[in-house]
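>>> fold the stuff below for me.
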Amino acid sequence: MSDTSQGPGWWQASDGKWYPPEQAPGATPPPGQQPAGNRLDVGAALSYGWEKFVANLSTMILIVIIFFGVQFVFTMVVQFVRPSGLIAGLLVTGIILAVGIFIGFMVEAGLVRAALAVTDGRPPEASMMFSTERLAPFAIGAVIVALLSFVGIIACCIGYIVVRLFLLFWAFFVLDPKRNNEPVDAIKNSFNLVSKNAGDVLVFAIVVVLINAVTCGLAIGVTEIAIGYAYRQLNGDPVAA
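The predicted structure follows:
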């Protein structure tokens, strides 16, 4: 990192600093190697998540409210909409489920967008929760991950844990504008990234799950930013201060 370019291939990040070619977004290290200094610091990731959540407090609280609010409204609609007649009931239920799934994908992707923005030095925006940009590949990826998770549940639940761990970063690979991976590539890249850092990521994932469990999910804004930090650090990308 430098305040000025040091030669060909050096690039300027959103923090105004210049970085060497091997740290460029999407740069691929030699097989079996990774850039030095990109081992996951679990404490730093969680501290960063908290600091950035507080720094963008009003927007992040609104994002979390939207995330849980959409789920609550959808649940209430399903509970109280009871049309008479079998055909009408199936039709209305199908429409509600389709709309609910679409909006669910949208707000889930919005959390990832917010984390990517914060770690890139851009302010998060509540409008990200309703963005449809790259929503199709995200939805396809979500379906694939859900199917793999279901298969994992059948395998005595251990498989589910393995799937969720190794695919922790798939959504970031899909929605990161510097990469824009297609669903299958994003899943492969997440698997490869975690497999090279399995110990650190396992500890990190356990802590994230515990924090979300203790707070009944209300800390999701903090933990999602922390996951974004981990994603960038493990990829050797610069993280906005």
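>>> list the buried residues of the longest helix along the chain.
When the chain is parsed with DSSP state H, its longest helix is helix 86-119. Residues 100, 103-119 are the ones in helix 86-119 that count as buried (16 or more other C-beta atoms under 10 Å). In short, each C-beta sits where N, CA and C put it, glycine included.
>>> centroid residue for this structure?
For the chain, the residue nearest the mean C-alpha position is Val112 (4.0 Å; C-alpha atoms, centre = their mean).
>>> check what pLDDT Ile220 gets.
Per-residue pLDDT puts Ile220 at 96.
>>> same question for Ile63.
As predicted, Ile63 sits at a pLDDT of 95.
>>> okay, now it: neighbour count?
Neighbour count for Ile63, taken as other C-beta atoms under 10 Å: 26.
>>> contact partners for it?
Taking C-beta atoms under 8 Å, 6 or more residues apart in numbering, we find Ile63 in contact with Gly110, Leu111, Ala114, Pro124, Ala126, Met128, Met129, Gly221.
>>> now do 7 Å
Contact analysis of Ile63 by C-beta atoms under 7 Å, 6 or more residues apart in numbering lists Gly110, Leu111, Ala114, Pro124, Ala126, Met129, Gly221.
>>> ditto for Tyr231
Residues counted as contacts of Tyr231 (C-beta under 7 Å, 6+ apart) are Phe169, Phe172.
>>> how far does the host helix or strand of it sit from its chain's centre?
Here Tyr231 sits within helix 220-235, counting by DSSP states H and E. Distance, stretch centre to chain centre, for helix 220-235: 8 Å (C-alpha atoms, centre = their mean, to the nearest Å).
>>> tell me the angle it makes with helix 86-119.
Angle of helix 220-235 versus helix 86-119, following axes from the mean of the first three to the mean of the last three C-alpha atoms, to 10 degrees, is 60 degrees.
>>> picking that back up, closest to Gln233 out of the contacts of Ile63?
Ala114 (17.8 Å; C-beta to C-beta).
>>> quick one on the thing from earlier: local confidence estimate at the residue nearest to the centre of the chain?
97.
>>> ditto for Phe102
pLDDT, Phe102: 75.
>>> name the element the nearest residue to it once chain neighbours are set aside belongs to?
Computed as C-beta to C-beta, 6 or more residues apart in numbering, the closest residue to Phe102 that is not its neighbour in sequence is Ala139, at 7.9 Å. Assigning secondary structure by DSSP H and E places Ala139 in helix 135-154.
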